[in-house]
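Undergrad: I'd like to go over a predicted model; first the sequence, then the structure.
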Amino acid sequence: MVAKSDTAIMLMNLGSPDSTAVPDVKKYLLEFLMDKRVIDYPWLLRKILVGGIIVPNRAANSAEAYSKVWRADGSPLIALTKQLQTALQHDLEIPVEITMRYGNPSPQATYEKLMKEHPNLKEVILMPLYPHYAMSSYETAVEYAKEVYKKKNYPFTLKVVEPFYDRPEYIEALSESMRPYLDQDFDHLLFSYHGLPERHIRKGDVTGSHCYKVNDCCHVASAAHKQCYRHQVTITSELVAERLGIPRNKWSISYQSRLGREEWVKPYTAGLFETLPKQGVKKLLIVCPAFVSDCLETLEEIAMEGKHSFISNGGDSFTMIPCMNTHPTWVKTVALLCKEEMAQYA
Ligand SMILES: C=CC1=C(C)c2cc3[nH]c(cc4nc(cc5[nH]c(cc1n2)c(C)c5CCC(=O)O)C(CCC(=O)O)=C4C)c(C)c3C=C
Ligand SMILES: [Fe+2]
Ligand SMILES: [Fe+2]
């Protein structure tokens, strides 16, 4: 443990249920889906939909899915975020703590722990573990951490790392974590990102006239891009493919984890697992760069369910590239992004 420090880092991820028991999963899903930045309907409608329909219908299936990937040390997402914490603390020699948007440890618990262990704390660097901006991921995490911080009037300053989807150091880390998997023969590389309702993309368009309105909007310069998930994941994919020398006809982007009946950003990953084998893609490589740590959505939805679907629709091989987790180049990148916010390096 690092003894005295006036600066600390708080790594913030999405969070998981406390266990795979249905009541714990219910509690987690309720907190998650009652977030107004995730299901952005008026409160009463959200309450009826989430509390009366989605959670009661979903909890048992979610609990079963979690139990397929649960580890001896708990949720993969939390265990892997803790491993990143340990690696970063080792490199930086300053205190690093983790916190979660939903479930535990909460931002309040993490702030209190930091205060108790480092009474001279002057600044906390909040590192949201999302490369891309979305109202339902980066924005809700940052706004929640700030809200708790302001309410409690803590004596340290809070600085926040911005989305880093196009930063060369991140592109390097993601590419280098993928490179060993490109030695094998493959027909196609799929960048599968967590999906969002299309409506969220339109709603986040600060210009009100760009996203889904301008032809090829993700490639036309606009102030909308600063908060456009679709633009940002496009840029990440293009930069990584370029760095790795993958020809344009050998890779594509898709969106997974759709929930509900609204139109989400397309194409849907689940649909491609059915159609790609029929179009001659027999050997598939897949990477999920919206997640920096492996989690339910990579380990169960893609590596288990997705693989089964692709193979039963005629595919021959399905290789899932792990998230960056504790890849040394990623650890270095996190350290650099955090250091840029620190007063001592300014
Ligand atoms: C890029 C990060 C994420 C975005 C954007 C995001 C949007 C989003 N998610 C849901 C609904 C669910 N997501 C669930 C799991 C989950 N989501 C993310 C990340 C993003 N979500 C992660 C890392 C995880 C895994 C958590 C873990 O413990 O491993 C779930 C819970 C599981 C399930 O029942 O499927 C739900 C529900 C919506 C509706 C949404 C955007 C509107
Ligand atoms: Fe999600
Ligand atoms: Fe856009």
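TA: Right, received. Where do you want to start? Ligands and ions are numbered 1, 2, ... in the order given.
Undergrad: is it true that Trp70 touches Asp18?
TA: No: Trp70 is beyond contact range of Asp18, at 11.2 Å (criterion: C-beta atoms under 8 Å). Just so you know, the C-beta spots here come from the backbone N, C-alpha and C atoms, and that holds for glycine as well.
Undergrad: Neighbour count: these two, which is higher?
TA: Legend: neighbour count by other C-beta atoms under 10 Å for Trp70 and Asp18, higher for Trp70 (19 against 16).
Undergrad: Skipping adjacent residues, who's closest to that one in space?
TA: Nearest residue to Trp70, sequence neighbours excluded (C-beta to C-beta, 6 or more residues apart in numbering): Thr20, at 5.3 Å.
Undergrad: Name the SS class of the one you found, please.
TA: coil (DSSP: H, G, I helix; E, B strand; the rest coil).
Undergrad: Quickly note the distance from it to ligand 1.
TA: As judged by C-beta to the nearest ligand atom, to the nearest Å, Thr20 and ligand 1 stand 10 Å apart.
Undergrad: and that residue, what is it in contact with?
TA: Ala63, Tyr66, Ser67, Trp70 (C-beta atoms under 8 Å, 6 or more residues apart in numbering).
Undergrad: do you know how far the nearest residue to Val334 once chain neighbours are set aside is from ligand 3?
TA: Spatial nearest neighbour of Val334, chain neighbours left out: Leu88 (5.7 Å); criterion: C-beta to C-beta, 6+ apart. Note on Leu88: its distance to ligand 3, by C-beta to the ion, to the nearest Å, is 32 Å.
Undergrad: The helix or strand containing Leu88 near ligand 1 at all?
TA: Element membership for Leu88 (DSSP states H and E) is helix 76-92. Yes: residues of helix 76-92 are located near ligand 1 by C-beta under 6 Å from any ligand atom, namely Leu77.
Undergrad: And for stretch 220-239?
TA: No: judged by C-beta under 6 Å from any ligand atom, stretch 220-239 stays clear of ligand 1, getting no closer than 6.7 Å.
Undergrad: Show the average pLDDT along that stretch.
TA: Mean pLDDT, computed over stretch 220-239, is 98.
Undergrad: ok, now stretch 107-122?
TA: Rounded mean pLDDT across stretch 107-122 is 96.
Undergrad: was I right about Leu49 contacting Asp40?
TA: No: the pair Leu49 / Asp40 is not scored as a contact, 11.5 Å apart, by C-beta under 8 Å.
Undergrad: one step back: pLDDT at the residue nearest to Trp70, what is it?
TA: 98.
Undergrad: What of Met1?
TA: Per-residue pLDDT puts Met1 at 48.
Undergrad: Could you shift the numbering so residue one becomes 822, and keep it that way?
TA: Will do, 822 is the new start, and the previous item becomes Met822.
Undergrad: Helix or strand next in line after the helix holding Leu909, which one?
TA: Downstream of helix 897-913 (by DSSP H and E), the next one is strand 917-921.
Undergrad: list the helices and strands that next one packs on?
TA: strand 828-834, helix 897-913, helix 928-938 (3 or more C-beta pairs under 8 Å, 6 or more residues apart in numbering; DSSP states H and E).
Undergrad: hmm, that strand touching ligand 1?
TA: No: Strand 917-921 stays clear of ligand 1 (C-beta under 6 Å from any ligand atom), getting no nearer than 9.1 Å.
Undergrad: tell me the mean pLDDT for that strand?
TA: If you average the pLDDT over strand 917-921, you get 98.
Undergrad: any idea of the angle it forms with helix 928-938?
TA: 160 degrees (axes from the mean of the first three to the mean of the last three C-alpha atoms, to 10 degrees).
Undergrad: Relative to strand 917-921, what are the paired strands and their orientations?
TA: strand 828-834 (parallel) (DSSP bridges).
Undergrad: ok, and what's touching the strand it pairs with?
TA: By C-beta under 8 Å, 6+ apart, the residues outside strand 828-834 that reach it are 898-899, 902, 905-906, 909, 913, 915-922, 928, 931-932, 935, 939, 942-950, 962-963, 966, 1114, 1155, 1159, 1163-1165.
Undergrad: And the next helix or strand past that strand?
TA: That would be, after strand 828-834 and using DSSP H and E, helix 843-854.
Undergrad: helices and strands around that next one, which ones?
TA: Right, helix 843-854 is packed against helix 876-890 by 3+ C-beta pairs under 8 Å, 6+ apart.
Undergrad: how far does the helix it packs on sit from the chain's center?
TA: Chain-centre distance of helix 876-890: 20 Å, with C-alpha atoms, centre = their mean, to the nearest Å.
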